[in-house]
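Undergrad: Structure for this input, please:
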Amino acid sequence: MERESYWSSLVLNLALVESALQIVPREIQLHPQIKRYAERRMKKPNEVLLDRAFHHSAMQSLARTGSEFAVEKMGRPDIVHSTLLQLLETPLNWENQLRVFVHTQDDHLITINPKIRLPKNYVRFVGLMEQLAKEKRVPETGVPLMQFEKGDVRRLIHLISPSEVVGFTVLGQPMLMRTVADHVGRLTNPLVLIGGFPRGHFRKKTTEVLNLAFKVDRNSLDAWIVGGRFVYDFEWAIGVAQQRVRLQE
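TA: Below is the predicted model of the structure:
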C-alpha cells in the first residue's frame with residue numbers, strides 16, 4: 001500500500017498492538033445474537049465490529065469452537081477509541097511529531113493521518129471503523145485520513161524500520177515512565193508498543209520483536225493511561241512541552 005507523506009518531523013512511532021478491534025469473526029457471523037445486531041443496524045454480519053457489550057453470548061460460543069483467537073482479549077473497540085483520543089489530542093501530535101498505528105487481533109494494520117479529527121462519540125467511531133474495514137481507506141477519495149491493510153506486527157516493523165522497539169508490559173523491567181521517555185527520546189526512529197486489549201499479555205510473536213520491555217506500575221494500566229502518560233513525558237524529554245510554553249511568553 002502506498003502512503004502519503006504526512007509527517008515532516010518524525011520523532012515517535014507509537015502502535016496499539018493486538019487491539020481488541022475487529023469485524024465479527026466468520027465462525028460466529030451466523031450466531032442469532034450477531035444476526036439480530038446486524039439487522040438492527042441494517043448491515044451484514046460481516047460488516048459490524050465485534051463488541052463484548054452486545055455480543056457476549058456469541059463470544060462465549062466462539063470460545064467453545066476452539067478458535068485461534070484469544071476470546072478474553074477480544075471485543076473491546078472502546079479501548080482503541082479512548083486511547084486514540086488521548087494520543088491524537090496532544091501537543092506532540094499537533095507539532096507533527098507523532099505517528100500512530102493500530103494493529104488488530106486478527107492481524108490488520110491501520111495507519112492514521114495525524115490531521116484526522118476522530119469522532120469523540122463512540123457510536124460514530126464504531127461506524128467509522130466499520131467503513132474503514134469495508135473500504136480500506138477513509139475517505140474514499142483524496143488524502144486518506146486512515147488506511148487499512150492486512151499485516152501482522154512484523155509487517156509493521158518492516159514499514160517503520162525502527163531503530164529500537166520498546167514495549168509496555170507488566171512482565172517487563174520495572175522502570176519509571178519518565179525514565180523510559182528519556183531513553184526513547186534519545187533514539188533516532190523509535191517504535192513504542194502498547195497492548196490494545198483488556199487483559200492478558202503480548203503474544204509470542206509480539207514479544208519477539210521487542211528490544212526492551214518495561215513495567216511502569218505494580219498493576220496493569222489501561223492502554224489510554226499508558227499512552228497519555230508516556231506521550232506527556234516524551235514531550236518533556238524532547239523539549240516540546242517547554243517550547244510550546246515559551247512560544248506564548
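Undergrad: now the end-to-end length of stretch 202-210.
TA: Across stretch 202-210, the terminal residues are separated by 10 Å (Cα to Cα, to the nearest Å).
Undergrad: List the buried residues for stretch 232-241?
TA: Within stretch 232-241, the residues scored as buried using 16 or more other Cβ atoms under 10 Å are 232, 233, 234, 235, 237, 238, 240, 241. Where C-beta positions appear, they are placed from N, C-alpha and C, glycine not excepted.
Undergrad: Dump it to CSV, keeping only the CA atoms.
TA: What follows is stretch 232-241, C-alpha atoms only, in CSV (Å, rounded to 0.1, in the frame of the first residue of the first chain):
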residue,chain,number,x,y,z
TYR,A,232,3.3,13.6,28.1
ASP,A,233,6.7,12.5,29.5
PHE,A,234,8.1,12.2,26.0
GLU,A,235,7.1,15.8,25.2
TRP,A,236,9.1,16.9,28.2
ALA,A,237,12.0,14.6,27.3
ILE,A,238,12.4,16.2,23.8
GLY,A,239,11.5,19.7,24.8
VAL,A,240,8.2,20.0,23.1
ALA,A,241,6.3,21.0,26.3
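Undergrad: what's the spacing between stretch 233-241 and its chain's center?
TA: 22 Å (Cα atoms, centre = their mean, to the nearest Å).
Undergrad: So for it, mean pLDDT?
TA: Stretch 233-241 carries an average pLDDT of 92.
Undergrad: How about stretch 147-156?
TA: Here the average pLDDT along stretch 147-156 is 96.
Undergrad: Give the buried residues for the helix or strand where residue 130 lies.
TA: Assessed by DSSP states H and E, residue 130 sits inside helix 122-135. Residues of helix 122-135 classed as buried: 125, 126, 127, 128, 129, 130, 131, 132, 133 (neighbour count, 16+ other Cβ under 10 Å).
Undergrad: Quick one: low-confidence residue ranges for this structure.
TA: 1-10, 65-69, 247-249 (pLDDT under 70).
Undergrad: And the longest helix seen in it, what does it pack against?
TA: Longest helix of the chain, by residue count under DSSP state H: helix 223-238. Contact partners of helix 223-238 among helices and strands, from 3 or more Cβ pairs under 8 Å, 6 or more residues apart in numbering; DSSP states H and E: strand 12-19, helix 77-88, helix 91-94, helix 177-184, strand 190-195, helix 240-246.
Undergrad: Output the ones you listed as TSV; include the columns distance to residue 58.
TA: Shown next, in TSV, are the helices and strands packed on helix 223-238 (distance: least, Cβ to Cβ, whole Å):
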stretch	distance to residue 58
strand 12-19	19
helix 77-88	15
helix 91-94	36
helix 177-184	38
strand 190-195	23
helix 240-246	44
